[in-house]
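Peer 1: Here is my input, please return the structure:
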Amino acid sequence: MTTSSRPILSDVGLVLAVASGCLLPLAFAPFGQFWLAPLCFAVLIHVWSGASAWRAFRLGFAFGMASFLCGVYWVYISIHDYGPAPAVFAIAMTLLLVSALALFPAVAGWVAARWFATDGPAAWFGVLPALWVITEWLRGWVFTGFGWLSAGYSQSDSWLMGFAAVGGVHFMSWAVLLTAGALVMLTRGSPRQRILAAALGISIWASGYLASAIRWTDPLDGELSVALVQGAVPQDLKWEPEQLGPTLALYRDLTHASAGSDLIVWPEAAIPSLFDYIGEYLDEIRDWTEQNGSELILGILRADPERDAVQNTIVALRESPSFYVKRHLVPYGEYFPVPAFVREWLRLMSLPYSDAVPGPDGQPPLDVAGQRIAMSICYEDVFGAEQLHYLPQATLLVNVSNDAWFGDSIAPHQHLEIARVRAAEAGRFLLRATNTGISGIIDPAGNVVATSPQFEPQVLKGTVRGYSGATPYARWGNVAVLTACCVVLLLQFATTKLTMRPGT
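Peer 2: Here you go, the predicted structure:
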């Protein structure tokens with residue numbers, strides 16, 4: 001063994017951080033081993049205990065690199081397989097994203113060790129869980145945000161899901177991290193501390209169970225029959241010119257198979273053309289739906305009416321169409337924050353390089369089929385707080401998406417899990433129509449009522465209700481949980497300063 005490799009291989013803390021990071025994605029869909037999340041975070045808290053600031057940074061970075069590399073590896077698929085970018089470029093972009101995401105747990109560890117104590121019950125059950133939640137929230141909006149694999153999403157099938165309506169996904173994350181702190185206290189604390197840790201852990205999970213029994217919103221009178229249309233056109237064929245005719249015929253046939261449904265939903269950019277170019281076809285579809293007592297909303301691109309650009313939209317198809325325009329665009333997918341020479345290189349490499357244009361904030365719900373519908377397109381449903389302006393006016397949630405970019409990976413399953421939390425946060429049914437799956441109907445508690453098989457043309461039918469009222473999360477957003485975490489940190493910081501001896 002060389003001198004340079006011995007420190008790495010003998011660093012048990014680093015090995016534990018990497019191993020627990022690699023295991024963490026198993027707590028999320030499609031694996032669903034929710035119990036692993038508190039264990040993985042308990043290992044991270046354990047190795048952080050007593051570490052110096054820069055060692056805590058390195059351990060957090062290693063944990064983040066391992067968890068995000070294993071959990072969002074599918075970014076490579078979208079860039080390389082469907083981009084299509086050269087493998088070297090796709091690997092570089094994926095590693096760049098993963099490294100940026102890993103900085104957030106690294107910073108959490110560094111701040112904890114630099115300004116707080118990282119060892120003892122106050123750290124395990126106070127500082128470290130609170131810092132994790134704050135940095136996780138920051139990860140959801142800094143550099144446009146990437147909230148994927150937030151700890152709370154891992155608990156969509158556990159009792160902690162009851163906290164979604166109370167404080168949102170970050171409150172669920174706090175419960176996961178508090179459970180992790182309790183586990184560390186159980187293994188490292190004094191006998192009295194162990195009893196306290198057991199009591200705290202049991203209280204957290206019992207509270208989640210009790211919260212899940214509360215119904216914060218009320219069903220409206222009357223049921224709504226719905227049909228979610230999934231064309232399952234492969235992403236690598238979808239935009240080929242010769243595919244347009246078959247795609248138009250496919251969606252016409254699937255819509256006819258939806259006869260009798262009050263509301264029909266097509267997925268994101270269902271038709272590989274601009275809204276402005278297929279007016280005759282859409283008029284035919286609109287006439288058919290009206291004659292059969294249905295209303296149709298669909299995802300489609302359109303030319304920006306004011307600028308020479310494209311918008312990603314949802315349209316309620318009627319005589320005077322109503323549009324929702326996607327607000328939160330995907331960097332390097334829908335717009336390219338790069339210098340002009342890089343954009344020119346992308347064009348020469350036959351890679352996407354032109355920008356879509358976002359819609360305005362505060363767009364109202366669409367009034368369709370007797371419902372006020374809160375709309376989101378694909379990646380937007382990761383940003384729960386950005387949808388709170390719809391509530392409590394909206395009675396139903398609809399997300400149209402295109403997970404075909406990620407092939408047969410874990411991404412579509414993770415995306416469905418995220419949608420489940422959005423439904424529970426709002427206390428509303430959520431309809432999710434996707435191009436290749438997984439389309440689904442989700443109830444106001446976040447339970448999956450029905451799903452479609454992936455990669456198969458399908459019409460998923462069901463019955464839902466509109467809901468009124470507001471959950472606590474719809475009223476407060478992330479303010480409550482972030483305030484509570486900040487109070488914990490301020491109290492601990494003040495306590496640390498007061499207890500420090502002069503000169504220490």
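Peer 1: tell me which residues of stretch 440-451 are tucked away?
Peer 2: Neighbour-count burial for stretch 440-451 flags 440-446, 448, 451 (criterion: 16 or more other C-beta atoms under 10 Å). (Glycine included, C-beta is placed from N, CA and C.)
Peer 1: Find the pair from the residues you listed with maximum spatial separation.
Peer 2: Largest separation among these by C-beta to C-beta: 444 and 451, giving 17.0 Å.
Peer 1: follow-up on the earlier one: of all the buried residues of stretch 440-451, which comes closest to residue 365?
Peer 2: Nearest member of the buried residues of stretch 440-451 to residue 365, counting by C-beta to C-beta, is residue 444, at 16.4 Å.
Peer 1: What's the separation between the nearest residue to that closest one once chain neighbours are set aside and residue 206?
Peer 2: Excluding its sequence neighbours, the residue lying closest to residue 444 (C-beta to C-beta, 6 or more residues apart in numbering) is residue 427, at 4.8 Å. Residue 427 sits at a distance of 22 Å from residue 206 (criterion: C-beta to C-beta, to the nearest Å).
Peer 1: Just want to know which of the two has more residues nearby.
Peer 2: Comparing residue 427 with residue 206 by neighbour count (other C-beta atoms under 10 Å), the higher total belongs to residue 427, at 28 against 11.
Peer 1: rewinding a little: any chance of CSV for the buried residues of stretch 440-451, columns distance to residue 230 and pLDDT?
Peer 2: Formatted as CSV, the buried residues of stretch 440-451 follow (distance: C-beta to C-beta, whole Å; pLDDT from 0 to 100):
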residue, distance to residue 230, pLDDT
440, 10, 98
441, 12, 98
442, 15, 98
443, 20, 98
444, 23, 98
445, 24, 98
446, 21, 98
448, 15, 98
451, 10, 97
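Peer 1: in the protein, which helix or strand is least confident?
Peer 2: Every helix and strand in the chain was compared by mean pLDDT, DSSP states H and E; the lowest is helix 340-348, with a mean of 48.
Peer 1: Can you tell me which helices and strands the helix or strand that that one is followed by packs against?
Peer 2: Later in the chain than helix 340-348, the nearest helix or strand by DSSP states H and E is strand 366-368. Packing partners of strand 366-368 (3 or more C-beta pairs under 8 Å, 6 or more residues apart in numbering; DSSP states H and E): strand 295-303, strand 310-317, strand 322-325, strand 371-377.
Peer 1: looking at the ones you listed, which is buried most?
Peer 2: The highest mean neighbour count among the helices and strands packed on strand 366-368, using mean count of other C-beta atoms under 10 Å, belongs to strand 371-377: a mean of 25.
Peer 1: got the CA coordinates for it in CSV?
Peer 2: Only the C-alpha atoms of strand 371-377 are listed here, as CSV (Å, rounded to 0.1, in the frame of the first residue of the first chain):
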residue,chain,number,x,y,z
GLN,A,371,-62.9,23.2,-11.5
ARG,A,372,-60.2,25.8,-10.7
ILE,A,373,-57.1,24.0,-11.7
ALA,A,374,-53.6,24.8,-10.5
MET,A,375,-51.3,24.0,-13.3
SER,A,376,-47.6,22.9,-13.4
ILE,A,377,-45.4,21.6,-16.1
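Peer 1: Residues touching that strand, excluding its own?
Peer 2: Applying C-beta atoms under 8 Å, 6 or more residues apart in numbering, the contact partners of strand 371-377 are 224, 263, 268, 297, 299, 312-314, 324, 326, 363, 365-367, 387, 390-391, 393-401, 426, 428, 466.
Peer 1: what's the angle from that strand to strand 310-317?
Peer 2: 160 degrees (axes from the mean of the first three to the mean of the last three C-alpha atoms, to 10 degrees).
Peer 1: can you state the direction angle for strand 371-377 and strand 295-303?
Peer 2: 40 degrees.
Peer 1: Against which helices or strands is the helix or strand just after strand 371-377 packed?
Peer 2: Using DSSP H and E, the helix or strand that follows strand 371-377 in sequence is strand 396-401. Under the contact criterion of 3+ C-beta pairs under 8 Å, 6+ apart, strand 396-401 touches strand 295-303, strand 371-377, helix 411-426, strand 430-434.
Peer 1: among those, which is nearest residue 231?
Peer 2: Of all these, strand 430-434 comes closest under C-beta to C-beta, at 9.6 Å.
Peer 1: Kindly point out the strands partnered with the closest one and how each is oriented relative to it.
Peer 2: strand 396-401 (parallel), strand 440-442 (antiparallel) (DSSP bridges).
Peer 1: Dump those to a markdown table, plus distance to residue 460.
Peer 2: Output for those, formatted as a markdown table (distance: least, C-beta to C-beta, whole Å):
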| stretch | distance to residue 460 |
| --- | --- |
| strand 396-401 | 13 |
| strand 440-442 | 7 |
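Peer 1: What segments of the stretch 151-300 of the chain are helices?
Peer 2: Secondary structure of the stretch 151-300 of the chain (DSSP state H, counting those that start in this stretch): helices located at 164-188, 191-212, 235-238, 244-256, 279-291.
Peer 1: that older thread, so which of the helices and strands packed on strand 396-401 gets nearest residue 479?
Peer 2: Closest to residue 479 of those is helix 411-426 (C-beta to C-beta; 13.9 Å).
Peer 1: Next, the angle from that closest one to strand 371-377.
Peer 2: Using the same axes, to 10 degrees: helix 411-426 against strand 371-377 is 140 degrees.
Peer 1: Just give me how far helix 411-426 sits from the chain centre.
Peer 2: Remark: helix 411-426 is offset 7 Å from the chain centroid, using C-alpha atoms, centre = their mean, to the nearest Å.
Peer 1: Output the contacting helices and strands for that helix.
Peer 2: Contact analysis of helix 411-426 by 3+ C-beta pairs under 8 Å, 6+ apart lists helix 164-188, strand 396-401, strand 430-434, strand 440-442, strand 448-451, helix 472-476 as its packing neighbours.
Peer 1: any chance of the ones you listed in JSON lines, with distance to residue 281 too?
Peer 2: Below are these laid out as JSON lines (distance: least, C-beta to C-beta, whole Å):
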{"stretch": "helix 164-188", "distance to residue 281": "40"}
{"stretch": "strand 396-401", "distance to residue 281": "18"}
{"stretch": "strand 430-434", "distance to residue 281": "19"}
{"stretch": "strand 440-442", "distance to residue 281": "27"}
{"stretch": "strand 448-451", "distance to residue 281": "29"}
{"stretch": "helix 472-476", "distance to residue 281": "38"}
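Peer 1: Looking at the ones you listed, spot the one closest to residue 146.
Peer 2: helix 164-188 (13.6 Å).
Peer 1: relative to helix 411-426, how tilted is the closest one?
Peer 2: When the same axes, to 10 degrees is applied, the directions of helix 164-188 and helix 411-426 differ by 110 degrees.
Peer 1: Just the buried positions in helix 164-188, please.
Peer 2: For helix 164-188, a neighbour-count test (16+ other C-beta under 10 Å) marks 164-186, 188 as buried.
Peer 1: do you know which of the strands paired with strand 430-434 lies nearest residue 422?
Peer 2: Smallest distance to residue 422 across those (C-beta to C-beta): 6.7 Å, for strand 396-401.
Peer 1: for stretch 57-70, what is the average pLDDT?
Peer 2: If you average the pLDDT over stretch 57-70, you get 98.
Peer 1: And the contacts of that stretch?
Peer 2: 13-14, 17-22, 24-25, 40, 44, 47-48, 51, 97-99, 101-110, 113, 149.
Peer 1: where in the stretch 301-450 of the chain is pLDDT low?
Peer 2: For the stretch 301-450 of the chain, applying pLDDT under 70 flags the ranges 332-355.
Peer 1: what kind of secondary structure is residue 20 in?
Peer 2: helix (DSSP: H, G, I helix; E, B strand; the rest coil).
Peer 1: if I look at it, how far off is residue 78?
Peer 2: Residue 20 sits 27 Å away from residue 78, going by C-beta to C-beta.
Peer 1: Do a quick rundown of the strands in the stretch 1-150 of the chain.
Peer 2: Using DSSP state E, counting those that start in this stretch, no strands are found in the stretch 1-150 of the chain.
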